[in-house]
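Asker: Dropping the sequence and predicted coords here.
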Amino acid sequence: MDHHDFWRGIILYGINAATYKMALGKSLLALAVRGNTSVPWEDLSREFLQQYVDRLAQGGRPQMGIPSRKTTMERIVARYTGGAISLDEAVQEVAREGFTDVIPRFQTIGTDKEIVAGRFYEFDFGKNLTLKDATFALAEGNQGELLDELESRWSLLEGAFIINQGNSQLANNVRETYLLQGYARTNLTQNTPFLQAYQGNVCFYCSEQMEDGDVHIDHVLPRQVICHDEIWNLVLSHSTCNMLKSDRLVAAHYVVKLIARNENIMGSNHPWKHKISAQLGTRPHDRAAALRRHYENTKAVIGPRYWGGSQGYVPATDLFYRRLITRLNNKGITP
């Protein structure tokens, strides 16, 4: 077998949950054509970013098969092309987050890592990538044919992902809106004591008491969609409830509960009430309507993959609604 056979084995028989292998394949060929042998990580990141910028400019088709998710590269490109971050900042984000899976796994045919191991490159993760003679041989040969195969395979994957995602155009439009308004993850642990008080120290999802050592902060509407860590969407939960919910869409009764929890905050003198007011509205009705709009937007992206709650949870007997703080701030709201 020659280098082309091994290369085609990677491209045609790889297991692809996203389109990263196609973008990396094109990046490797482009770098080889330029004669680069030892490629600094920043240069690799810049080339990889450009591959996705060019690809997504063609129509923004989904790059991953999971309906509720966008790839890291889609999120970075959207923020860069939308003006939220500079080119250098985008390259830095790609360097940190873009290669976690694809660099170690690219040289694999199917699930076999031994057939092609180290044939096309070696790498010192986060520092540099060294191209091998096999890659230069590909670039010196019929490179156009290999690029056409990569383009074709990339298009086939996008087509399969569109089928999985249903109304992908609407979903992508919603995602783009949140991506441009969003930001990178922040440290949420400092919010725990604050949230405990306004949540009545019960798990948001099962309504059982919270205990030290098993308190998790969760995004009610999945962060994969809304792309921020704003307090109006953060709740405390048990680790098991958090795991069971995962990134699914919660049932509508949890939206009612989140509205009530937010009104508990609005009834206080905490400075964060002003942030919630600025983000959701100055009146209770406006805040409730805004949160429901976010919920419907999330549904457009994820689809109706509902999670109704932990086993045995009954909204009508939820302890949260029996707390004095909730009764004081939500006189017109019932579970």
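Answerer: Structure received. Residues are numbered from 1 along each chain as shown.

Asker: CA only for contacts and neighbour counts going forward, please
Answerer: Will do.

Asker: per-domain residue ranges of this structure.
Answerer: Taking automatic domain parsing as the domain assignment, the record places the domains of the chain at 3-181, 189-329.

Asker: could you dump those to a markdown table with mean neighbour count and mean pLDDT?
Answerer: Putting the domains of the chain into a markdown table (neighbours: other Cα atoms under 10 Å; pLDDT from 0 to 100) gives the following:
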| stretch | mean neighbour count | mean pLDDT |
| --- | --- | --- |
| domain 3-181 | 18 | 88 |
| domain 189-329 | 18 | 90 |
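
Asker: for the chain, what spans make up the strands?
Answerer: If DSSP state E is used as the criterion, the strands of the chain fall at 38-40, 121-124, 128-131, 216-219, 234-237, 249-250, 306-307.

Asker: Sheet partners, orientation included, of the second one?
Answerer: Sheet partners assigned to strand 121-124 using DSSP bridges are listed as strand 128-131 (antiparallel).

Asker: Ok, the fifth one next?
Answerer: Strand 234-237 sits in its sheet next to strand 216-219 (antiparallel), going by DSSP bridges.

Asker: Contacts only, for the residue nearest to residue 106 when sequence neighbours are not counted.
Answerer: In space, not counting the residues next to it along the chain, residue 106 is nearest to residue 21; the distance is 6.2 Å by Cα to Cα, 6 or more residues apart in numbering. Listed by Cα atoms under 8 Å, 6 or more residues apart in numbering, the contact partners of residue 21 are 11, 102, 106.

Asker: Could you do residue 258 as well?
Answerer: Shown here is residue 258, whose contacts under the criterion Cα under 8 Å, 6+ apart are 232, 233.

Asker: let's see it at 10 Å
Answerer: Contacts of residue 258 were listed using Cα atoms under 10 Å, 6 or more residues apart in numbering, and they are 199, 204, 220, 232, 233, 234, 235, 252, 264, 288, 291.

Asker: Please determine how far the third one is located from residue 242.
Answerer: This points to residue 220. From residue 220 over to residue 242 the distance is 10 Å, taken as Cα to Cα, to the nearest Å.

Asker: Please apply the same query to the second one.
Answerer: Here the distance between residue 204 and residue 242 works out to 10 Å (Cα to Cα).

Asker: Mutual contacts of those two, please.
Answerer: Here residue 204 and residue 242 have 218, 220, 236 as joint contacts, going by Cα under 10 Å, 6+ apart.

Asker: Tell me the bridge partners for the first one.
Answerer: Using DSSP bridges, the bridge partners assigned to residue 218 are residue 235.

Asker: Do I have it right that it meets residue 242?
Answerer: Yes. Taking Cα atoms under 10 Å as the definition, residue 218 is a contact partner of residue 242 at 6.7 Å.
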